[in-house]
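[1] Let's see this in three dimensions:
(one chain, ligands or ions: 1)
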Amino acid sequence: MARGRFITLEGGEGAGKSTQARRLATWLAEAGLPVLRTREPGGSPGAEAIRGVLLGAGPWDPVAETMLHFAARREHVARMIEPALAAGIWVVCDRFADSTLAYQVAGQGTQRAVWDRLAAMALGALRPDLTLVLDIPAEAGLARAEARGETNRYETLGLAFHGRIRDAFLAVAAAEPGRCAVVDATQGLEAVTHAMRGVVRQRLLDR
Ligand code: Z5A
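    A predicted model of the protein is given here:
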(Lines give C-alpha, C1' and ligand atoms only; values in the text may rest on other atoms or scores of the structure.)
Protein backbone atom coordinates (compact mmCIF):
# COMPACT_ATOMS: atom_id res chain seq x y z
CA MET A 1 0.00 0.00 0.00
CA ALA A 2 1.31 3.47 -0.90
CA ARG A 3 2.02 5.71 2.05
CA GLY A 4 -0.34 8.69 2.45
CA ARG A 5 0.85 12.22 1.85
CA PHE A 6 1.30 14.74 4.61
CA ILE A 7 0.14 18.31 3.93
CA THR A 8 0.47 21.10 6.49
CA LEU A 9 -1.04 24.59 6.47
CA GLU A 10 0.90 27.35 8.16
CA GLY A 11 0.59 31.10 8.62
CA GLY A 12 -0.35 33.81 11.07
CA GLU A 13 -3.65 34.56 12.76
CA GLY A 14 -6.64 34.94 10.49
CA ALA A 15 -4.80 33.74 7.39
CA GLY A 16 -7.63 31.28 6.72
CA LYS A 17 -5.86 28.04 7.63
CA SER A 18 -8.80 26.36 9.35
CA THR A 19 -11.24 27.34 6.60
CA GLN A 20 -8.87 26.19 3.87
CA ALA A 21 -7.89 22.97 5.66
CA ARG A 22 -11.58 21.98 5.68
CA ARG A 23 -11.96 22.83 2.00
CA LEU A 24 -8.77 21.00 1.01
CA ALA A 25 -9.70 17.85 2.94
CA THR A 26 -13.18 17.82 1.37
CA TRP A 27 -11.74 18.29 -2.12
CA LEU A 28 -9.25 15.45 -1.68
CA ALA A 29 -11.97 13.17 -0.28
CA GLU A 30 -14.22 14.00 -3.24
CA ALA A 31 -11.33 12.94 -5.49
CA GLY A 32 -11.54 9.52 -3.82
CA LEU A 33 -8.60 9.80 -1.44
CA PRO A 34 -8.82 8.71 2.20
CA VAL A 35 -8.20 11.85 4.27
CA LEU A 36 -7.60 12.74 7.91
CA ARG A 37 -8.01 16.44 8.75
CA THR A 38 -6.39 17.41 11.99
CA ARG A 39 -4.84 20.38 13.81
CA GLU A 40 -2.14 21.53 16.21
CA PRO A 41 -1.79 22.02 19.02
CA GLY A 42 -4.10 19.05 19.43
CA GLY A 43 -5.35 16.33 17.12
CA SER A 44 -5.30 13.43 19.60
CA PRO A 45 -6.85 13.17 23.08
CA GLY A 46 -3.60 13.81 24.97
CA ALA A 47 -2.53 16.59 22.62
CA GLU A 48 -5.95 18.25 22.91
CA ALA A 49 -5.51 18.23 26.70
CA ILE A 50 -2.13 19.98 26.28
CA ARG A 51 -3.80 22.46 23.89
CA GLY A 52 -6.16 23.43 26.69
CA VAL A 53 -3.21 24.12 28.96
CA LEU A 54 -1.31 26.08 26.29
CA LEU A 55 -4.19 28.30 25.24
CA GLY A 56 -5.71 28.67 28.68
CA ALA A 57 -2.79 29.33 30.99
CA GLY A 58 0.38 31.39 30.75
CA PRO A 59 2.55 33.26 30.26
CA TRP A 60 5.02 30.37 30.01
CA ASP A 61 8.76 30.31 30.09
CA PRO A 62 9.54 30.18 26.32
CA VAL A 63 11.48 26.90 26.52
CA ALA A 64 8.73 25.30 28.63
CA GLU A 65 6.16 26.44 26.07
CA THR A 66 8.27 25.03 23.23
CA MET A 67 8.48 21.70 25.07
CA LEU A 68 4.72 21.62 25.62
CA HIS A 69 4.09 22.16 21.91
CA PHE A 70 6.50 19.35 21.06
CA ALA A 71 5.02 17.05 23.72
CA ALA A 72 1.59 17.57 22.14
CA ARG A 73 3.09 17.06 18.68
CA ARG A 74 4.83 13.83 19.64
CA GLU A 75 1.56 12.44 20.97
CA HIS A 76 -0.26 13.56 17.80
CA VAL A 77 2.39 12.16 15.46
CA ALA A 78 2.69 8.82 17.26
CA ARG A 79 -1.02 8.16 17.73
CA MET A 80 -2.63 9.78 14.69
CA ILE A 81 -0.36 11.06 11.93
CA GLU A 82 2.12 8.20 11.51
CA PRO A 83 -0.53 5.44 11.69
CA ALA A 84 -2.68 7.31 9.16
CA LEU A 85 0.18 7.83 6.70
CA ALA A 86 1.23 4.19 7.06
CA ALA A 87 -2.36 3.14 6.25
CA GLY A 88 -2.30 5.17 3.01
CA ILE A 89 -4.37 8.04 4.41
CA TRP A 90 -3.62 11.62 3.36
CA VAL A 91 -3.20 13.92 6.34
CA VAL A 92 -4.17 17.60 6.19
CA CYS A 93 -2.87 19.34 9.31
CA ASP A 94 -3.76 22.88 10.42
CA ARG A 95 -0.36 24.05 11.78
CA PHE A 96 2.67 21.84 12.53
CA ALA A 97 6.33 22.22 13.57
CA ASP A 98 6.92 25.41 11.52
CA SER A 99 4.47 27.14 13.87
CA THR A 100 6.79 26.40 16.79
CA LEU A 101 9.69 27.85 14.81
CA ALA A 102 7.65 30.98 14.11
CA TYR A 103 5.89 31.51 17.47
CA GLN A 104 8.33 30.13 20.03
CA VAL A 105 11.69 30.73 18.28
CA ALA A 106 11.14 33.89 16.20
CA GLY A 107 8.33 35.24 18.37
CA GLN A 108 9.27 34.31 21.92
CA GLY A 109 13.03 33.93 21.74
CA THR A 110 13.57 30.19 22.27
CA GLN A 111 16.92 29.20 20.77
CA ARG A 112 16.83 27.48 17.40
CA ALA A 113 19.04 24.70 18.81
CA VAL A 114 16.25 23.83 21.28
CA TRP A 115 13.76 23.53 18.40
CA ASP A 116 16.25 21.34 16.47
CA ARG A 117 16.71 18.95 19.39
CA LEU A 118 13.02 18.67 20.21
CA ALA A 119 12.10 18.22 16.54
CA ALA A 120 14.64 15.41 16.22
CA MET A 121 13.16 13.68 19.29
CA ALA A 122 9.49 14.23 18.46
CA LEU A 123 9.49 13.79 14.69
CA GLY A 124 12.38 11.53 13.80
CA ALA A 125 12.53 11.64 10.01
CA LEU A 126 8.91 12.80 9.56
CA ARG A 127 8.54 15.94 7.43
CA PRO A 128 5.48 17.25 5.58
CA ASP A 129 5.40 16.39 1.88
CA LEU A 130 3.94 19.83 1.27
CA THR A 131 3.56 22.92 3.44
CA LEU A 132 1.20 25.64 2.25
CA VAL A 133 2.16 28.95 3.85
CA LEU A 134 -0.88 31.22 3.83
CA ASP A 135 0.63 34.68 3.84
CA ILE A 136 -1.15 37.80 5.05
CA PRO A 137 0.14 41.01 6.70
CA ALA A 138 -0.20 40.73 10.48
CA GLU A 139 -2.60 43.67 10.76
CA ALA A 140 -5.04 42.24 8.21
CA GLY A 141 -4.92 38.75 9.74
CA LEU A 142 -5.48 40.03 13.27
CA ALA A 143 -8.41 42.13 12.05
CA ARG A 144 -10.01 39.00 10.57
CA ALA A 145 -9.43 37.02 13.76
CA GLU A 146 -10.87 39.85 15.89
CA ALA A 147 -13.91 40.22 13.64
CA ARG A 148 -14.65 36.55 14.25
CA GLY A 149 -15.15 37.42 17.91
CA GLU A 150 -13.03 34.87 19.82
CA THR A 151 -9.47 35.65 20.87
CA ASN A 152 -6.82 33.51 22.59
CA ARG A 153 -3.69 34.68 24.38
CA TYR A 154 -1.49 34.48 21.25
CA GLU A 155 -3.74 36.95 19.46
CA THR A 156 -3.13 39.59 22.13
CA LEU A 157 0.68 39.65 21.74
CA GLY A 158 0.77 42.74 19.52
CA LEU A 159 1.61 43.73 15.98
CA ALA A 160 5.42 43.58 16.26
CA PHE A 161 5.20 39.98 17.55
CA HIS A 162 2.89 38.98 14.73
CA GLY A 163 5.12 40.71 12.19
CA ARG A 164 8.03 38.50 13.34
CA ILE A 165 5.77 35.45 12.94
CA ARG A 166 4.97 36.36 9.35
CA ASP A 167 8.66 36.95 8.52
CA ALA A 168 9.57 33.60 10.09
CA PHE A 169 7.07 31.66 7.95
CA LEU A 170 8.33 33.41 4.82
CA ALA A 171 11.92 32.58 5.80
CA VAL A 172 11.03 28.88 6.20
CA ALA A 173 9.36 28.92 2.77
CA ALA A 174 12.40 30.58 1.19
CA ALA A 175 14.78 28.11 2.84
CA GLU A 176 12.77 25.03 1.80
CA PRO A 177 11.14 25.74 -1.57
CA GLY A 178 10.85 22.03 -2.35
CA ARG A 179 8.56 21.49 0.63
CA CYS A 180 6.83 24.86 0.92
CA ALA A 181 4.65 27.03 -1.29
CA VAL A 182 3.49 30.52 -0.35
CA VAL A 183 -0.13 31.37 -1.12
CA ASP A 184 -1.37 34.96 -1.05
CA ALA A 185 -4.01 34.77 1.68
CA THR A 186 -5.20 38.37 1.22
CA GLN A 187 -7.24 37.16 -1.76
CA GLY A 188 -10.88 36.15 -1.42
CA LEU A 189 -11.73 32.68 -0.11
CA GLU A 190 -12.34 31.15 -3.55
CA ALA A 191 -9.10 32.52 -4.98
CA VAL A 192 -7.08 31.10 -2.07
CA THR A 193 -8.79 27.71 -2.45
CA HIS A 194 -8.07 27.75 -6.19
CA ALA A 195 -4.40 28.63 -5.66
CA MET A 196 -3.95 25.89 -3.07
CA ARG A 197 -5.54 23.27 -5.31
CA GLY A 198 -3.17 24.28 -8.10
CA VAL A 199 -0.15 23.68 -5.88
CA VAL A 200 -1.47 20.33 -4.58
CA ARG A 201 -2.19 19.17 -8.13
CA GLN A 202 1.22 20.18 -9.39
CA ARG A 203 3.28 18.95 -6.44
CA LEU A 204 1.42 15.82 -5.33
CA LEU A 205 -1.43 14.66 -7.56
CA ASP A 206 0.07 14.95 -11.05
CA ARG A 207 3.29 13.19 -10.10
N1 Z5A B 1 0.86 27.88 18.33
C2 Z5A B 1 2.15 28.09 18.77
O3 Z5A B 1 2.43 29.09 19.40
N4 Z5A B 1 3.09 27.15 18.49
C5 Z5A B 1 2.81 26.02 17.82
O6 Z5A B 1 3.69 25.18 17.60
C7 Z5A B 1 1.46 25.82 17.36
C8 Z5A B 1 0.52 26.78 17.63
C9 Z5A B 1 1.10 24.58 16.59
C10 Z5A B 1 -3.56 28.05 18.13
O11 Z5A B 1 -4.66 28.83 18.03
C12 Z5A B 1 -2.47 28.96 18.62
O13 Z5A B 1 -1.35 28.19 19.03
C14 Z5A B 1 -1.99 29.86 17.52
C15 Z5A B 1 -0.48 29.74 17.50
C16 Z5A B 1 -0.17 28.88 18.65
N17 Z5A B 1 -2.24 31.19 17.78
N18 Z5A B 1 -3.27 31.77 17.81
N19 Z5A B 1 -4.20 32.34 17.87
P20 Z5A B 1 -5.90 28.51 17.11
O21 Z5A B 1 -5.81 27.14 16.54
O22 Z5A B 1 -7.11 28.85 17.90
O23 Z5A B 1 -5.77 29.67 16.07
P24 Z5A B 1 -4.98 29.82 14.72
O25 Z5A B 1 -4.28 28.59 14.37
O26 Z5A B 1 -4.16 31.05 14.72
O27 Z5A B 1 -6.13 30.02 13.74
P28 Z5A B 1 -7.08 31.26 13.52
O29 Z5A B 1 -6.75 32.50 14.24
O30 Z5A B 1 -8.40 30.68 13.84
O31 Z5A B 1 -6.87 31.60 12.05
P32 Z5A B 1 -7.01 30.76 10.72
O33 Z5A B 1 -7.31 29.33 10.98
O34 Z5A B 1 -5.84 31.04 9.89
O35 Z5A B 1 -8.27 31.42 10.01
P36 Z5A B 1 -9.79 30.96 9.88
O37 Z5A B 1 -10.34 30.54 11.20
O38 Z5A B 1 -9.95 30.03 8.76
O39 Z5A B 1 -10.40 32.36 9.46
C40 Z5A B 1 -10.45 33.44 10.33
C41 Z5A B 1 -11.60 34.39 9.93
O42 Z5A B 1 -11.26 34.99 8.67
C43 Z5A B 1 -12.93 33.66 9.72
O44 Z5A B 1 -13.96 34.50 10.12
C45 Z5A B 1 -12.96 33.40 8.22
O46 Z5A B 1 -14.26 33.31 7.72
C47 Z5A B 1 -12.24 34.64 7.69
N48 Z5A B 1 -11.50 34.37 6.45
C49 Z5A B 1 -10.71 33.30 6.18
N50 Z5A B 1 -10.19 33.39 4.95
C51 Z5A B 1 -10.66 34.56 4.43
C52 Z5A B 1 -10.47 35.22 3.16
N53 Z5A B 1 -9.69 34.70 2.20
N54 Z5A B 1 -11.09 36.38 2.98
C55 Z5A B 1 -11.87 36.93 3.95
N56 Z5A B 1 -12.11 36.36 5.15
C57 Z5A B 1 -11.49 35.18 5.38
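[2] and Ala168, what does it touch?
    101-102, 105-107 (CB atoms under 8 Å, 6 or more residues apart in numbering). Using the backbone N, CA and C atoms, a C-beta is placed for each residue, glycine as well.
[3] how about 6 Å then?
    For Ala168, the contact set (CB atoms under 6 Å, 6 or more residues apart in numbering) comprises 102, 106.
[4] how about the strands in this protein?
    Taking DSSP state E as the test, the strands found in the chain are 6-11, 35-39, 90-94, 130-135, 180-184.
[5] The second one pairs with which strands, and in what direction?
    Here the strand partners of strand 35-39, with direction, are listed using DSSP bridges: strand 90-94 (parallel).
[6] And the partner strand, how far out from the chain middle?
    Put simply, strand 90-94 sits 9 Å off its chain's centre (CA atoms, centre = their mean, to the nearest Å).
[7] For it, which outside residues touch it?
    With CB under 6 Å, 6+ apart as the test, strand 90-94 has contacts from 4-9, 17-18, 21, 24-25, 28, 33, 35-39, 81, 84.
[8] Return the members of those classed as buried.
    Among the contacts of strand 90-94, the ones that count as buried by 16 or more other CB atoms under 10 Å are 4-9, 17, 21, 24-25, 28, 33, 35-39, 81, 84.
[9] Pick out the residue nearest the middle of this structure.
    The structure's the chain has its C-alpha centroid closest to Arg95; by CA atoms, centre = their mean the separation is 1.4 Å.
[10] What separation do you get for it and the ligand?
    The gap separating Arg95 from the ligand is 4 Å, by CB to the nearest ligand atom, to the nearest Å.
[11] For Arg179, grab phi and psi.
    Backbone torsions of Arg179, given as degrees, to the nearest 10, read phi -90, psi -30.
[12] Spatially, which residue comes closest to it, not counting chain neighbours?
    In this structure, Arg179 finds its nearest non-sequential neighbour in Thr131, 5.4 Å apart by CB to CB, 6 or more residues apart in numbering.
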